[in-house]
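*Asks:* Starting from these lines, generate the structure:
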Amino acid sequence: MKLGAFSISLSVKDLAVLKEFYEKVGFTVFAGDFKKNYLIMKNGNALVGLFQGMFENNILTFNPGWDENAHTLDAFDDVREIQKHLKSNGIQIESETDENSSGPASIFLTDPDGNMILFDQHV
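*Replies:* Predicted structure coming up:
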């Protein structure tokens, strides 16, 4: 399966403090909006999303259809195909998408240790 760009989405207490910290580590702001309480930080192909007040726990995020620069890929596995694959392998999807739809969609699941995983397709 081609899952797309990978990032970690961190639930942060103070966006300004975490922005400064990750800049010192070597990341730069790639996307997002400070006024909307989120920033996407980038270092090479590593992505860290900083989200203040949007969700409770950290989330592993995959973006089917995008590379690490948010460019649309010519070939990728649609989130609906990923959903079918996961379900056929006995993985429980907590938030499914309509398999008859097309375009942007997302699904959520939790791994056996309780880590949230988001497949968030923007194309």
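*Asks:* the strands in this structure, which residues?
*Replies:* For the chain, the strands defined by DSSP state E occupy 5-12, 28-33, 38-43, 46-52, 59-63, 105-110, 116-121.
*Asks:* Same list (these) but as a markdown table, adding mean pLDDT and mean neighbour count.
*Replies:* Quick note: C-beta positions are derived from backbone N, CA and C, even for glycine. As requested, those are exported to a markdown table (pLDDT from 0 to 100; neighbours: other CB atoms under 10 Å):
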| stretch | mean pLDDT | mean neighbour count |
| --- | --- | --- |
| strand 5-12 | 97 | 18 |
| strand 28-33 | 97 | 13 |
| strand 38-43 | 98 | 19 |
| strand 46-52 | 97 | 20 |
| strand 59-63 | 97 | 20 |
| strand 105-110 | 97 | 18 |
| strand 116-121 | 97 | 20 |
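*Asks:* could those go into JSON lines alongside distance to Glu94?
*Replies:* Listed next are those as JSON lines, based on distance: least, CB to CB, whole Å:
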{"stretch": "strand 5-12", "distance to Glu94": "16"}
{"stretch": "strand 28-33", "distance to Glu94": "25"}
{"stretch": "strand 38-43", "distance to Glu94": "22"}
{"stretch": "strand 46-52", "distance to Glu94": "19"}
{"stretch": "strand 59-63", "distance to Glu94": "12"}
{"stretch": "strand 105-110", "distance to Glu94": "5"}
{"stretch": "strand 116-121", "distance to Glu94": "9"}
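*Asks:* Quick one: closest of the ones you listed to Ile91.
*Replies:* Closest to Ile91 of those is strand 105-110 (CB to CB; 6.1 Å).
*Asks:* OK, contacts around the residue most central in space within the chain?
*Replies:* Centroid-nearest residue in the chain, with CA atoms, centre = their mean: Thr61, separated by 2.6 Å. Contact partners of Thr61, counting by CB atoms under 8 Å, 6 or more residues apart in numbering, are 6-9, 49, 117-120.
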